[in-house]
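Okay, sequence plus prediction incoming.
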Amino acid sequence: MKPEESIPLVTIIAFGCDHYDQLQQLSKVKEDLQRVKEVFCSSSYSVFPEKRFIEVYDKTSFELRAEIQHYLFDRSADQDILILYFSGHGTAIGRDDFGFCMKDAVLHHEDNIILPTSVVKLSEIVGSLNIKNISLMLFVDSCYSGQISKQIKITFPEITVEMTKTLVAYTGSFFGLVSSCSSLEQIYDIGVISKGLKDISEQGSEENILFLPFGCLPEQLTERIDSHSKGDTRSRIFIPPGRISNLPLCKNVQYREPLEPVNIYSFTNPYLKLLLTLWNDGKPIELSPNEILEKTSSQSAYANHKKLSFSPWDLVKNSRNGKRKLTQRGIDFITGNLVIPKFIKENRITRICIPSEGSPGLSVYKETDLLKINHYKLVEFPIS
């Protein structure tokens, strides 16, 4: 499967909260979700249709779980790719799991610890997705609390290692992880991942490739995360080679269509002379190449008779004995019942021929003089 053929298999679920019942309020999560939508679905460089984008904003944990369940049951998601983007509060769940805090996350006020039962765990999300054998690309743009008890705090680098282990356990190599978390004391008014993704998409690449793949993120996104956060966040970007790495992130805005290697052919009077020879005043005949030269006395007709077989002309073909004869299109053209393009172009690599852009049309006009002699000429006119 070509990388771009995976595009119809992709769904994006972007979720997060600004307004919490008990946790510290945020202010720019909505903008993060909108920025992610712009990157993936609603800009000139986007590759995914907007109908594949799902936003879960300021909702409860139950509503997030319901949306993921709906995704799994609404369509045949088997072998699909799910892009998950989260912006908001996140927390360590024990030593080996990560919790996404939705609106109803509960804070133990005495110990200032987020209760694990009140959040959506990474393990339960990927465990559900594994039912349908889904590949996962996960973005975590979070402010993070690693306090799991009064005595124990899990650092962000430690929890991201565990997040990677969880993804490997459920999906093998069919996943990607991009995470950047600040501490609760360093809450930013901008998601550094969403901003970095937009920067990359709008800048494009000088390498003349049609799409920027997700595999470009480890190198390009790290630099932008550091730039936007001024080094105050901890980030991890892990995208192994394979399906996710090759998946298009966006169109490359610097891409320029390479000049097509083509041959241009023009229908000229020697070609008409050859067709009239094969037409034989309404009694079509078959001729070998040498007979064509003998009867037309035209080196051009002799050298170029094969071009008259090219689509979209298709006026002459080989007979069973290897001689050349008119096709039905050739007969229709000589009798004035067919219009052909004057110019056609042949791709030198694929050998496919198509009409040249802006080519005028040609038809044959027959005149009969006083001596009852037929005269044929080419008539040229614009094709709309």
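Cool, the structure landed. Numbering: from 1, shown residues only.

longest helix of this protein?
Among the segments of the chain that qualify as a helix by DSSP state H, the longest is helix 156-171.

got a list of contacts for stretch 17-27?
If you take CB atoms under 8 Å, 6 or more residues apart in numbering as the criterion, stretch 17-27 is touched by 28-30, 57-59, 88-89, 101-107, 114, 143, 184, 187, 189. (Each C-beta comes from the backbone N, C-alpha and C, glycine too.)

Apologies, that question was intended for stretch 303-313.
Applying CB under 8 Å, 6+ apart, the external contacts of stretch 303-313 come out as 265, 267, 270-271, 274-275, 289, 292, 315-318, 324, 329-330, 340-341, 344, 346, 353-355.

from the chain's centre, how far out does the strand ranked longest in the chain sit?
When the chain is parsed with DSSP state E, its longest strand is strand 81-93. Centroid displacement of strand 81-93 relative to its chain, using CA atoms, centre = their mean, to the nearest Å, is 24 Å.

Show me the shaky parts of the stretch 101-250 of the chain.
For the stretch 101-250 of the chain, the stretches with pLDDT under 70 are 144-157, 170-173, 182-190, 228-234.

Could I have the ChimeraX command that selects the buried members from the contacts of stretch 17-27?
Only the buried entries of the contacts of stretch 17-27 go into this ChimeraX selection, using 16 or more other CB atoms under 10 Å:
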select :28,29,30,57,58,59,88,89,101,102,103,104,105,106,107,114,143,184
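
In strands, which of the contacts of stretch 17-27 fall?
Under the assignment DSSP E, these contribute Y57, G88, H89, L107, I114, C143 to strands.

Quick check: beta-bridge partners of the last one?
When bridges are called by DSSP bridges, C143 pairs up with H89, S182.

circling back: the inter-axis angle of the longest helix of the chain versus strand 81-93?
With axes from the mean of the first three to the mean of the last three CA atoms, to 10 degrees as the basis, helix 156-171 and strand 81-93 are set at 130 degrees to each other.

from here on, count from 58
Happy to do that; since the first residue is 58 now, the last one works out to helix 213-228.

Show me what helix 213-228 packs onto, helices and strands only.
Judged by 3 or more CB pairs under 8 Å, 6 or more residues apart in numbering; DSSP states H and E, helix 213-228 is in contact with strand 154-157, helix 179-186, strand 192-202, strand 232-240, strand 291-295.

Next up, the contacts around the residue nearest to L224 when sequence neighbours are not counted.
What sits nearest to L224 in space, not counting adjacent residues and going by CB to CB, 6 or more residues apart in numbering, is F232, at 4.4 Å. Counting by CB under 8 Å, 6+ apart, F232 touches S192, L193, M194, L195, L224, V225, P297, I301.

Identify the residues contacting stretch 168-188?
By CB under 8 Å, 6+ apart, stretch 168-188 touches 80, 118, 121-122, 125-126, 129, 139, 141, 146, 148, 150-151, 154-159, 161-165, 193, 195, 202, 204-207, 220, 223-224, 227-228.

Now a PyMOL select for only the buried ones of these.
The PyMOL selection below is limited to those of the contacts of stretch 168-188 classed as buried (16+ other CB under 10 Å):
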select buried, resi 80+118+121+122+125+129+139+141+146+148+150+154+155+156+157+158+159+161+162+163+164+193+195+202+204+205+220+223+224+227+228
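
Please state the backbone phi and psi of C158?
Reported as degrees, to the nearest 10, the phi and psi values for C158 are phi -90, psi 120.

same question, L428
When read as degrees, to the nearest 10, the backbone of L428 gives phi -90, psi 10.

what's the burial count for it?
5 (other CB atoms under 10 Å).

Would you quantify the distance from the closest residue in space to I171 that isn't next to it in sequence to V177?
Once flanking residues are discounted, I171 sits nearest to T148: 4.4 Å by CB to CB, 6+ apart. In this view, T148 and V177 are 11 Å apart by CB to CB, to the nearest Å.

Identify the contacts common to these two.
Common contact partners of T148 and V177 (CB under 8 Å, 6+ apart): G156.

sorry, back to before: got the contacts of F232 as a markdown table, with distance to C307 columns?
Below are these laid out as a markdown table (distance: CB to CB, whole Å):
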| residue | distance to C307 |
| --- | --- |
| S192 | 18 |
| L193 | 19 |
| M194 | 13 |
| L195 | 18 |
| L224 | 23 |
| V225 | 27 |
| P297 | 21 |
| I301 | 15 |
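
Would you verify that Q126 is located in a helix?
Yes: the assignment for Q126 by DSSP: H, G, I helix; E, B strand; the rest coil puts it in a helix.

Quick check: G261 touching Q311?
Yes: with contact defined as CB atoms under 8 Å, G261 counts as touching Q311 (3.8 Å).

Tabulate the helices and strands packed on helix 213-228 in TSV, adding columns for distance to G393.
Formatted as TSV, the helices and strands packed on helix 213-228 follow (distance: least, CB to CB, whole Å):
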stretch	distance to G393
strand 154-157	73
helix 179-186	65
strand 192-202	59
strand 232-240	62
strand 291-295	67
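
per-domain residue ranges of this structure.
The record's domain split for the chain, according to automatic domain parsing, is 60-308, 319-438.

Can you tell me which of those is most buried?
Here the criterion is mean neighbour count by mean count of other CB atoms under 10 Å, and of these the winner is domain 60-308, at a mean of 18.

didn't N404 look like it was pressed against P318?
Yes: using CB under 8 Å, N404 is in contact with P318, at 6.9 Å.
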